[in-house]
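# Test case, fold it:
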Amino acid sequence: MEVRVLTTTLGTLRDDALVLLVGADEDVQRPVAAAGRAFAGAYGTIRERKVFTGKAGQTQVLTAPGGSRIATLVLAGRGVGDGLEGLRQAAANGLRAAREMGARSVSLLLPAGDGSARRADRVAEAVAEGALLGLYRFEVHRTEKAKTDVATLTLLAPRGERARAEAGARAGVVVGEAVLLARDLGNEPGNRCTPSFLAETARRIAAERGLEVRVFDAEEMSRLGMGALLGVARGSAEPPKLVVLTYEPRGVRGRADTVALVGKGLTFDSGGISIKPAAKMEDMKFDMSGGGAVIAAMEAIARLEVPVRVVGLVPATENMSGARAYKPGDVLKALNGVTIEVKNTDAEGRLILADALSYASTKLRPRPKAIVDIATLTGACVTALGDQYAGLMGNDERLAERVRRAGEDAGDPVWRLPIDKEGYRKQIESIYADVSNLGQPAGGGPITAAVFLERFVGGIPWAHLDVAGTAWTEKSAGTLTKGATGFGVRLFCRLLRDWGRGKP
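Model (predicted):
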């Protein structure tokens, strides 16, 4: 979809549909009337009868007789307040409703307002991003594809704000397209999205966006001592990969902070010897969502030209139960020398992350100022937070607050969980190795997983995102479409853009 910005008045507009983003109890009679006389009467009726009130999630479609300048008017509720998330959701709902009416060309009036959250660039970015996410479909493997889609979206900016709105819309498109890439990767089935597929995707992006890329194979990982990742990979016929993407900002080479992003790339998780139940096992293709988010975010970071050096690492493998599969009771050694007793082969995500985190903390030069990992790690996090928030844990207060604020601003919300009590660390003690990959049955599963990961970050400021509840969804509403969500891409983009501006 092409997204452009104009300051054309509604009185001269000619498009298949016009979308108005309406706040709770807001009267938009003037723009409705400017859109066409045919809409005014119907709008008066629905407003009088309170059929449409601008409540978040509401949409109302009005149509005009044939030959009208605008065939369809869509009212999309953005709810109470001036928050950017309300704009994203309303834009997504409004564009989806316009598409259902067969609109190919759509205009959307950008709401004006005061305050930094309502600057033209921030508004246009949120709206462009929301529109792309709301219109997302995954039809790669469908024989019959949808016959209608929106080809052009014109954002109508307030007078004097076109340049700002254009800059914001460009950023919104970049971030939105990155989220869609992460969704595509997550929605691909496990027989297609293998570790090699993720590696080839990273190579393609690196070639297109000027990133450095290195892909480690099993032999190279063995030389490095990545016994945890290789242990998980042993049961699969698919060769494991460690993808390392590096973005070097122009103009600040050697002076920019380095931030490492680490994403779990478990392209299919059967549970291994500790096999999962058959019900819903097909959803385990989404277990690489953290890795997909890192790869997609790296592309967006390069396109946005963020003035921060960023290294993205994705340990990728399957977790299967072949004849050579690792077993409960095995002891594995990670790259940093820590030995791990395997109590459950379905606690594999933390094992492959252990080697990737060790690589980030011991091999990267210059040493990262911060490491953030993202993983569909624990079912216990779904129990704790459901599908509304990702779990956030870490060893550094300042970094944790940066991540929390970035998630809130970007529409990828996170909720902080504590890891400071020594009792959590005692739960992963082992009498056979340095640490166990499963906590004792005292609860706190997301936290014991996090304190396990903490053993591999070498004291570097680190934050861990458990996205087991937010990486995929069963619903299609607002910015979400059933399947992979691309959670984490927007958070990373906002975090690093703010970091590059020196925002604490």
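# Asn93: what secondary structure?
Reducing the assignment to helix, strand or coil with DSSP: H, G, I helix; E, B strand; the rest coil, the entry for Asn93 is helix.
# can you list contacts of the lowest-mean-pLDDT helix or strand in the chain?
Across the helices and strands of the chain, mean confidence by mean pLDDT, DSSP states H and E is lowest for helix 37-48: a mean of 92. Residues outside helix 37-48 that contact it (Cβ atoms under 8 Å, 6 or more residues apart in numbering): 27-29, 32-33, 51-52, 60, 62, 64-65, 68, 73, 75. (Each C-beta comes from the backbone N, C-alpha and C, glycine too.)
# So which of these are in strands?
Secondary structure of these is defined by DSSP state E; positions in strands are 60, 62, 73, 75.
# how about those, which pair is most distant?
Spanning the widest gap among the ones in strands among the contacts of helix 37-48 are Gln60 and Leu73, at 8.7 Å by Cβ to Cβ.
# would you say Leu313 is within a helix?
No - assessed by three-state DSSP, Leu313 does not belong to a helix; its assignment is strand.
# Tell me how many other residues surround it.
The number of residues packed around Leu313, counting by other Cβ atoms under 10 Å, is 27.
# mind checking how far it is from Cys493?
When Cβ to Cβ, to the nearest Å is applied, the distance between Leu313 and Cys493 equals 17 Å.
# Likewise for Asp466?
Plainly put, Asp466 is 20 Å away from Cys493 if you go by Cβ to Cβ.
# between those two, which one's more packed in?
Neighbour count, other Cβ under 10 Å: between Asp466 and Cys493, Asp466 has more, with 35 against 26.
# per-residue confidence for the more buried one?
The pLDDT attached to Asp466 in the predicted structure is 98.
# Can you pull out the low-pLDDT segments for the stretch 201-350 of the chain?
Residues of the stretch 201-350 of the chain meeting the criterion pLDDT under 70: 253.
# Helices of that one, residue ranges please.
Chain-ordered helices for the stretch 201-350 of the chain, with DSSP state H, counting those that start in this stretch as the definition, fall at 218-224, 227-233, 289-304, 349-362.
# can you list the weak-confidence ranges in the stretch 1-150 of the chain?
For the stretch 1-150 of the chain, applying pLDDT under 70 flags the ranges 113-117.
# Helices along that one, start to end?
Under the criterion DSSP H, counting those that start in this stretch, the stretch 1-150 of the chain carries helices at the ranges 29-35, 37-48, 84-100, 120-134.
# Asp283: which of those is closest?
Smallest distance to Asp283 across the helices of the stretch 1-150 of the chain (Cβ to Cβ): 20.7 Å, for helix 120-134.
# got the contact list for the helix or strand that comes right after that closest one?
Sequence order places strand 152-156 as the next helix or strand after helix 120-134, per DSSP states H and E. Contact partners of strand 152-156, identified using Cβ under 8 Å, 6+ apart, comprise 1-8, 10, 13, 15, 95, 104-110, 124, 127-128, 131, 165, 169.
# Would you agree Pro249 is in contact with Ala302?
No - counting by Cβ atoms under 8 Å, Pro249 sits too far from Ala302 to count as a contact (9.2 Å).
# Report the beta-bridge partners for Thr152.
On DSSP bridges, the residues paired with Thr152 through beta bridges are Glu2, Ser105.
# cool, Val372 as well?
Under DSSP bridges, the beta-bridge partners of Val372 are Leu261, Ala463.
# these two touch, right, it and Ala406?
No - under the criterion of Cβ under 8 Å, Val372 lies out of contact with Ala406, with a separation of 9.8 Å.
# which one of the two has more residues nearby?
The neighbour count for Val372 versus Ala406, taken as other Cβ under 10 Å, is higher for Val372 (28 against 23).
# Per-residue pLDDT of that one, please?
Residue-level pLDDT assigned to Val372 equals 99.
# who's Val19 bridged to?
Using DSSP bridges, the beta-bridge partners of Val19 come out as Val74, Leu108.
# Please verify my assumption that it contacts Ser105.
No - under the criterion of Cβ under 8 Å, Val19 makes no contact with Ser105, lying 11.6 Å away.
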